[in-house]
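1. Pasting the sequence and the predicted coordinates here, then a few questions.
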Amino acid sequence: MFEMLKKIFLMMVGQTKVEIPKIDKSYLGKLPSSSRVKPIKFGIIHCVSAWRVNPDKRNDIDEIVKIFKDYKVSAHALIARDGTIFELVSDDRVAYHAGKSFWRGKSSLNKWSLGVELVGAYNGPYLSEGFTDEQYDSLILWIKDKSDSYNLSVEDWIGHEMVSPGRKQDPGPKFSWYRLRQNFSNKEE
């Protein structure tokens, strides 16, 4: 599957070589989730960092997963600074990532969506770090794969700040929606 996505991605960005992201399943099934009963209609992009808990390990995956466990939250995937994709919750389960949320006439979006977390801060002293090229490359491939699987368009991928305005701010001002949309080919109309 990723070989096909690699070819699509290469055509989209006009390159001849791209690294397929490493997929890590070591945390799969270890975070809270529930059975999915609603079809996937959206994808919600988040960002996460452990900077408030441990600034020196703000981008450490184990620290972030510990925070998820402590707060009983989860996401379907977590993309590390080096582009590694950590699968956390399988798509056939509801991850707890959106909380109180609303979009296009639907509320409680966890049951209608996939959640993906980019490792990085959306506020505070580390905001200037932004997101890495490797993260964008992996995110675009992950989104393309999920969009093909669930018939989602680029407009179906939204930020946490859009579905929980005033309550959430991620993925924040350093996230490039332009870059995501520029490298995403919409589903056929």
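-> Okay, I see it.
2. in this structure, which spans are strands?
-> Using DSSP state E, the strands of the chain run over 23-24, 33-35, 42-48, 77-79, 85-87, 93-95, 102-103, 106-107, 113-119, 157-159.
3. Which one, of those strands, ends up nearest to residue 141?
-> Closest to residue 141 of those is strand 85-87 (CB to CB; 8.3 Å). Bear in mind the C-beta positions are built from the backbone N, C-alpha and C, glycine included.
4. what sits against residue 87?
-> 23-25, 27-28, 76-77 (CB atoms under 8 Å, 6 or more residues apart in numbering).
5. Show me what residue 114 bridges to in the sheet.
-> Under DSSP bridges, the beta-bridge partners of residue 114 are residue 43.
6. got a pLDDT number for it?
-> In this model, residue 114 is scored at 98, pLDDT.
7. Might one say that it is in contact with residue 146?
-> Yes. Counting by CB atoms under 8 Å, residue 114 touches residue 146, with 5.8 Å between them.
8. more neighbours, these two?
-> Ranked by neighbour count (other CB atoms under 10 Å), residue 114 and residue 146 place residue 114 first, with 28 against 19.
9. Run through the chain and note the low-pLDDT ranges.
-> 1-19, 185-189 (pLDDT under 70).
10. Point to the residue nearest the middle of the protein.
-> Geometric centre of the chain, nearest residue: residue 116, 1.9 Å, by CA atoms, centre = their mean.
11. Next up, the contacts around that one.
-> By CB under 8 Å, 6+ apart, the residues touching residue 116 are 43-46, 75-79, 139, 142-143.
12. again with residue 42
-> 103-104, 106, 109, 112-114, 152, 156-158, 163.
13. Quick check: the residue lying closest to it once chain neighbours are set aside vs residue 22, distance?
-> In space, and not counting its chain neighbours, residue 42 is closest to residue 113: 4.2 Å by CB to CB, 6 or more residues apart in numbering. Distance of residue 113 to residue 22, given as CB to CB, to the nearest Å: 25 Å.
14. the more surrounded of the two?
-> Ranked by neighbour count (other CB under 10 Å), residue 113 and residue 22 place residue 113 first, with 28 against 12.
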